[in-house]
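Novice: Return atomic coordinates for the entry below.
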Amino acid sequence: MNLREYALTFCTPNMCAREMAYFEGERLVGIGLVDVTPRALSSIYFFYHPEVAASSLGVASVLFEIEWARRMGCTHLYLGYRVSNCPSTAYKAQYGPHELLYGRPGADTEPVWR
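Specialist: The predicted structure follows:
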């Protein structure tokens, strides 16, 4: 990826994207990125300062997004993929309902959802 492709992919303003900032006093400790659509929110990414890891800011962010979606009349909050054996996505198992994709379907194979 060259500099122009990077800029077009990651630096172009997106009218649907929102940035949520989390503060501890006046100190910025976390940022959440969320896409807003007419019927759903899509949680893109959340990152936080390592010193506040024990505060579970990611969980707080999900709970805030659930309430935000309710207030907006959205029917869904999409948390993105949960990757098995990936510690940074394991928290997603706490929320439901959700679907799990088993196996890795090929071009000629239908996915198995459970």
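Novice: number of nearby residues for residue 52?
Specialist: Residues near residue 52, counting by other C-beta atoms under 10 Å, number 14. Any C-beta I mention is one placed from the backbone N, CA and C, and that applies to glycine too.
Novice: let me fix that: residue 18
Specialist: Other residues close to residue 18 by other C-beta under 10 Å number 15.
Novice: Does anything pack onto the helix of greatest length in the chain? Which helices or strands?
Specialist: Scanning the chain for the helix with the most residues, using DSSP state H, yields helix 57-72. The contact analysis (3 or more C-beta pairs under 8 Å, 6 or more residues apart in numbering; DSSP states H and E) places helix 57-72 against strand 17-24, strand 27-36, strand 40-48, strand 76-78.
Novice: between those strands, which gets nearest to residue 91?
Specialist: strand 40-48 (9.9 Å; C-beta to C-beta).
Novice: Could I have the CA atoms of the closest one written out in PDB?
Specialist: Taking C-alpha atoms only, strand 40-48 is exported to PDB below (Å, rounded to 0.1, in the frame of the first residue of the first chain):
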ATOM      1  CA  ALA A  40     -27.400  -0.300  13.500                       C
ATOM      2  CA  LEU A  41     -24.200   0.700  15.100                       C
ATOM      3  CA  SER A  42     -21.000  -1.100  14.100                       C
ATOM      4  CA  SER A  43     -18.200  -1.000  16.700                       C
ATOM      5  CA  ILE A  44     -15.000  -0.700  14.600                       C
ATOM      6  CA  TYR A  45     -12.200  -0.500  17.100                       C
ATOM      7  CA  PHE A  46     -11.400   0.500  20.700                       C
ATOM      8  CA  PHE A  47      -8.100   1.200  22.200                       C
ATOM      9  CA  TYR A  48      -7.000   2.400  25.600                       C
END
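Novice: Serialize the helices and strands packed on helix 57-72 to TSV and add fields for mean pLDDT.
Specialist: Formatted as TSV, these follow (pLDDT from 0 to 100):
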stretch	mean pLDDT
strand 17-24	88
strand 27-36	92
strand 40-48	89
strand 76-78	90
